[in-house]
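1. give me coordinates for this.
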Amino acid sequence: MNVGSPDAPTVPAVRRYLTQFLNDKRVIDLPWLLRKFLVNAIIIPFRVKNSTKLYLRLWTKKGSPLIYLTEELREKLQHKQKDGDQVFVAMRYGNPSIKKVLKEIKQKGFDKLILVPLYPQHAMSTTETSFVAAQKRIKKLKIKSEVLEVGQFYDHPKFIDAFVAQAKKYDFSKYDHIIFSYHGLPNRHLEKCHPGITVDKCTCQNALPEHGKMCYRATSYATSRFIAAKLNLKPEDYTVGFQSRLSKNWLTPFTDYVLQEKLKEGKKKILVFTPSFVTDCLETILEIGVEYGEEFLKNGGEKLQLVDSLNAEDQWVEALDTIIKEQTSK
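-> The predicted model follows:
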């Protein structure tokens with residue numbers, strides 16, 4: 001399961017997608033009435049045209065990169081399965097929908113169903129909502145298969161190695177600094193992981209105590225440390241940032257602010273990893289690669305290079321196959 005994409009780069013299609021996505025109570029976790037008003041009366045009307053322009057820039061002859069790259073991953077993963085096992089792709093929002101795919105799965109009468117959200121670091125708005133949506137539909141369809149769930153894999157050695165392999169395609173000597181950029185979350189999402197502790201007083205990003213294992217910020221920093229160690233990076237060689245915020249009350253430091261700070265320090269050539277995204281999409285290709293890149297150059301930078309995500313790379317296919325088999329054989 002992946003997050004999904006509009007069916008087309010048109011206003012009606014983008015509006016449908018945003019309506020489904022932003023009305024999810026695990027994405028915007030506000031009281032029902034406030035969420036409905038905020039999303040449907042303010043956010044979507046003000047964002048839909050601009051979002052459509054962004055998807056127009058993103059779209060290719062194959063369609064949305066997130067959709068066709070996830071399908072390429074499915075095809076490669078299918079080749080690694082034994083006879084009778086089948087790999088399906090479903091999107092949390094948009095198509096192919098969880099509902100449609102589960103109907104097909106029910107008709108085929110499988111003995112076992114394994115749910116695999118493609119999110120390395122657990123979050124309420126990604127992994128959790130995918131599991132909840134799938135389990136709800138499984139119950140409604142009365143699917144009798146044994147159901148197993150594959151959770152976060154932020155620290156799995158093969159996942160780390162797959163990102164390291166992507167990094168090694170670049171000559172680090174040509175860059176002044178490295179940024180690990182993760183999708184942002186509202187601070188209140190993290191505070192639910194740390195009852196009684198506000199985000200500004202939580203230090204689990206520096207380690208991984210028991211309560212931090214399900215903390216998105218803690219696991220994001222941990223992923224960065226694991227990749228950095230494999231690449232022999234020192235702490236001063238890289239910075240962790242968070243992107244795609246909707247307000248100032250989201251996880252900091254903000255990636256675009258980090259870029260500004262690095263420019264002030266004279267670092268004009270930056271390499272950017274996006275380890276919360278295993279598939280390149282609007283947030284990596286456009287937000288980092290184009291929007292942040294253009295702003296960086298405009299402000300005096302010389303180069304902002306996005307490291308390709310894992311997509312359907314052979315090493316990632318092998319890693320994902322291993323992660324699934326390990327988590328479902330316990």
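
2. go ahead and confirm residue 87 touches residue 77.
-> Yes: applying Cβ atoms under 8 Å, one finds residue 87 in contact with residue 77, separated by 5.0 Å. Heads up, the C-betas are built off the backbone N, CA and C, glycines and all.

3. compare those two (neighbour count), which wins?
-> Under the neighbour definition other Cβ atoms under 10 Å, residue 87 and residue 77 were set side by side, and residue 77 has more, 20 against 17.

4. quick one: that one and residue 205, what's the gap?
-> According to Cβ to Cβ, to the nearest Å, residue 77 and residue 205 sit 32 Å apart.

5. so what's residue 176 up against?
-> Shown in contact with residue 176 (Cβ atoms under 8 Å, 6 or more residues apart in numbering): 262, 266-270.

6. make it 7 Å
-> By Cβ atoms under 7 Å, 6 or more residues apart in numbering, residue 176 lies in contact with 267-270.

7. would you format the residues you listed as TSV with pLDDT included?
-> Output for the contacts of residue 176, formatted as TSV (pLDDT from 0 to 100):
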residue	pLDDT
267	98
268	98
269	98
270	98
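
8. just the buried residues out of the residues you listed, in ChimeraX syntax.
-> What follows is the ChimeraX syntax selecting those of the contacts of residue 176 that are buried according to 16 or more other Cβ atoms under 10 Å:
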select :267,268,270
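
9. closest to residue 20 out of the contacts of residue 176?
-> Nearest to residue 20 among these is residue 270, at 34.6 Å by Cβ to Cβ.

10. hmm, that closest one is touching residue 181, no?
-> No: look at residue 270 against residue 181 with Cβ atoms under 7 Å: they stay out of range, at 10.3 Å.

11. mind checking the SS state of residue 138?
-> Three-state assignment for residue 138 (DSSP: H, G, I helix; E, B strand; the rest coil): helix.

12. and it, how many neighbours?
-> Applying other Cβ under 10 Å, I find that residue 138 has 19 neighbouring residues.

13. go on, residue 62?
-> Neighbour count for residue 62, taken as other Cβ under 10 Å: 11.

14. nearest residue to residue 65 in space, please, no chain neighbours.
-> Once flanking residues are discounted, residue 65 sits nearest to residue 280: 5.5 Å by Cβ to Cβ, 6 or more residues apart in numbering.

15. so what's that neighbour up against?
-> Residues in contact with residue 280, defined by Cβ under 7 Å, 6+ apart, are 65, 69, 308-309, 311.

16. got a winner among the residues you listed for most neighbours?
-> residue 309 (23 neighbours).

17. my reading is that it is in a helix; is that accurate?
-> No: for residue 309, which was evaluated using three-state DSSP, the result is coil, with no helix membership.

18. and the closest residue to residue 207 other than its chain neighbours, its phi and psi?
-> Spatial nearest neighbour of residue 207, excluding adjacent residues (Cβ to Cβ, 6+ apart): residue 218 at 7.8 Å. The phi and psi torsions at residue 218 (degrees, to the nearest 10) take the values phi -60, psi -40.

19. what's the answer for the one 5 residues further on, then?
-> Torsion angles at residue 223 (phi, psi; degrees, to the nearest 10) stand at phi -60, psi -40.

20. residues near it, how many?
-> For residue 223, the neighbour count with other Cβ under 10 Å is 26.

21. residues in contact with it?
-> Going by Cβ under 7 Å, 6+ apart, residue 223 touches 120-121, 154-155, 275.

22. so which residues of the stretch 1-150 of the chain form strands?
-> If DSSP state E, counting those that start in this stretch is used as the criterion, the strands of the stretch 1-150 of the chain fall at 2-5, 91-94, 112-115, 146-149.

23. the helices in the protein, which residues?
-> When assigned using DSSP state H, the helices of the chain occupy the ranges 11-22, 32-37, 44-58, 65-78, 98-108, 129-141, 157-167, 187-191, 216-230, 255-264, 293-298, 314-327.

24. return the member of those helices having the minimum mean pLDDT.
-> When those are compared by mean pLDDT, helix 187-191 comes last with a mean of 88.

25. need the max-distance pair from the contacts of residue 223.
-> By the measure Cβ to Cβ, 155 and 275 form the most distant pair in those, at 11.2 Å.

26. compare these two (neighbour count), which wins?
-> residue 275 (24 against 16).

27. who's the closest spatial neighbour of the more buried one, skipping the chain neighbours?
-> Sequence neighbours aside, residue 223 is the residue nearest to residue 275 in space, at 5.0 Å (criterion: Cβ to Cβ, 6+ apart).

28. same deal with residue 47?
-> Closest residue to residue 47 apart from its sequence neighbours, by Cβ to Cβ, 6+ apart: residue 18 at 6.8 Å.

29. Provide a list of residues in contact with the one you found.
-> By Cβ under 7 Å, 6+ apart, the residues touching residue 18 are 44, 47-48, 51.
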